[in-house]
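A.B. asks: Show me the folded form of this:
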Amino acid sequence: MLRANAYLIPAEEVRSLLKYAAESAIVISEDISNPLNSYIELSSGISEKSQNESLEPKNSDVDNAVNNTSFFPSPEKVTQSYTLLCQLTKPVTGSTLIDSCKYRSMRYSSPIRWTCALFLLLALANLILEIQFANEPMATDTEQDWLQLIQVYFLSPLAPFFWGGLGSCVFLIKKFSDLSADRVFNYNYYGGWKSRVLLGTVLGGIIPYLFTIKLKDESLIDDYTIAFLVGLAVKVVYGALEKTVDEVAQKLNLHSSYRTPTPLIKEPQETKKDS
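C.D. replies: As a prediction, this is how the structure comes out:
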């Protein structure tokens, strides 16, 4: 008897992709649709049988339908048909359809949205406190204005980091939302969002202290704006820094120290002839 775990492609992905092809008016030949429909029927029969076994001791109709595997395609045939179907629906696959649906239902997007809300809350709190304490003198130790001390010694120095992380989160939310809307969101690439946010936070906090950007009218761009733009374009900024480091290393001839030494080839010694 064939089992569902013998197939590489989950039946839910096959069902979703067939539904998408029908909704998109994509013509599918019977050589592709018949094996996939048979596989879905097999998977439905096995799941129904497992449910009936938990409720009733026997169900001969379902058992006969599942045990009769003469009409069920081989796992190789199902994989081949699914590959041909993916070529017709490219770049949409059954996996991207399911992942896009889960992202839109907030199942995957909740962590990054909460992270974005945290950075936004910290950044706005610093701005509000800056405006509030702009015309007030610095609190002394006797007054113990803890709110002002937190703003001056904690929120204000870390504000560029908050704006850099916020820019990274905004970019990722927009990127993932566009992918899910196009039904090409893949969860395998979702795990890297933490590294992207971390890079945006670090670069957004460091770049304003290293560089100042002037406009044509000689006015300076605010540090928070620079941090947000750096977090928004982490790939561009990091690529520019990496290219600068490579050029400096090349000018200083630092790459020569990483060259692998060429192996020494010993010449064979001549054997002395017996006299």
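A.B. asks: so who does V237 touch?
C.D. replies: By CB atoms under 8 Å, 6 or more residues apart in numbering, the contact set of V237 is 203, 207, 230. The way it works is simple: take the backbone N, C-alpha and C, and place the C-beta from them, glycine included.
A.B. asks: quick one: low-confidence ranges for this structure?
C.D. replies: Across the chain, the ranges flagged by pLDDT under 70 are 1-5, 45-71, 137-144, 214-219, 255-275.
A.B. asks: Please report the distance of the residue nearest the centre of it from W146.
C.D. replies: Centroid check for the chain by CA atoms, centre = their mean gives Y190 as the closest residue, at 2.3 Å. Plainly put, Y190 is 40 Å away from W146 if you go by CB to CB, to the nearest Å.
A.B. asks: Show me where the chain has its strands.
C.D. replies: Under the criterion DSSP state E, strands are not mapped anywhere in the chain.
A.B. asks: In contact with I28, which residues are there?
C.D. replies: 18, 21, 85, 88.
A.B. asks: again, only this time at 6 Å
C.D. replies: By CB atoms under 6 Å, 6 or more residues apart in numbering, the residues touching I28 are A21.
A.B. asks: Neighbours of the residue nearest to A159 when sequence neighbours are not counted, how many?
C.D. replies: Excluding the flanking residues, the one nearest A159 by CB to CB, 6 or more residues apart in numbering is N126, at 4.7 Å. The number of residues packed near N126 is 21, by other CB atoms under 10 Å.
A.B. asks: shift numbering so it begins at 53
C.D. replies: In the new count, where the first residue is 53, that last one comes out as N178.
A.B. asks: And the helices in the stretch 203-327 of the chain?
C.D. replies: 208-233, 245-262, 275-284, 286-303 (DSSP state H, counting those that start in this stretch).
A.B. asks: mind checking how far the longest one is from the chain centre?
C.D. replies: This means helix 208-233. Centroid separation for helix 208-233 versus its chain: 13 Å, with CA atoms, centre = their mean, to the nearest Å.
A.B. asks: Now do the buried residues in that helix.
C.D. replies: Neighbour counts over helix 208-233 (16 or more other CB atoms under 10 Å) mark 211-225, 228, 231-232 as buried.
A.B. asks: Measure how that helix sits relative to helix 275-284, angle-wise.
C.D. replies: With axes from the mean of the first three to the mean of the last three CA atoms, to 10 degrees defining the directions, helix 208-233 sits at 40 degrees from helix 275-284.
A.B. asks: Same check on the last one?
C.D. replies: Here helix 286-303 runs at 90 degrees with respect to helix 275-284, directions being taken by the same axes, to 10 degrees.
A.B. asks: so how many other residues sit close to I183?
C.D. replies: Neighbour number of I183 under other CB under 10 Å is 9.
A.B. asks: and the gap between it and T277?
C.D. replies: I183 is 17 Å from T277, by CB to CB.
A.B. asks: ditto for L304
C.D. replies: Counting by CB to CB - L304 and T277 are separated by 34 Å.
A.B. asks: which of the two has more neighbours?
C.D. replies: A count of neighbours by other CB under 10 Å puts T277 above the other of L304 and T277, at 14 against 9.
A.B. asks: Ignoring the adjacent residues along the chain, who's closest to that one?
C.D. replies: W215 (7.9 Å).
A.B. asks: Run through the residues that contact that neighbour.
C.D. replies: Per CB under 6 Å, 6+ apart, neighbours of W215: 175, 256, 276, 279-280.
A.B. asks: Swap in 8 Å and give it another go.
C.D. replies: Counted by CB under 8 Å, 6+ apart, W215 has contacts 171, 175, 256, 276-277, 279-280, 283.
A.B. asks: Buried ones among the residues you listed?
C.D. replies: Here, 16+ other CB under 10 Å leaves 171, 175, 256, 276, 279-280, 283 buried among these.
A.B. asks: Of these, which pair is most distant in space?
C.D. replies: F171 and Y276 (11.9 Å; CB to CB).
A.B. asks: one step back: quick one: the helices of the stretch 203-327 of the chain as TSV, columns for distance to K129 too.
C.D. replies: What follows is those, written out as TSV (distance: least, CB to CB, whole Å):
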stretch	distance to K129
helix 208-233	31
helix 245-262	38
helix 275-284	47
helix 286-303	42
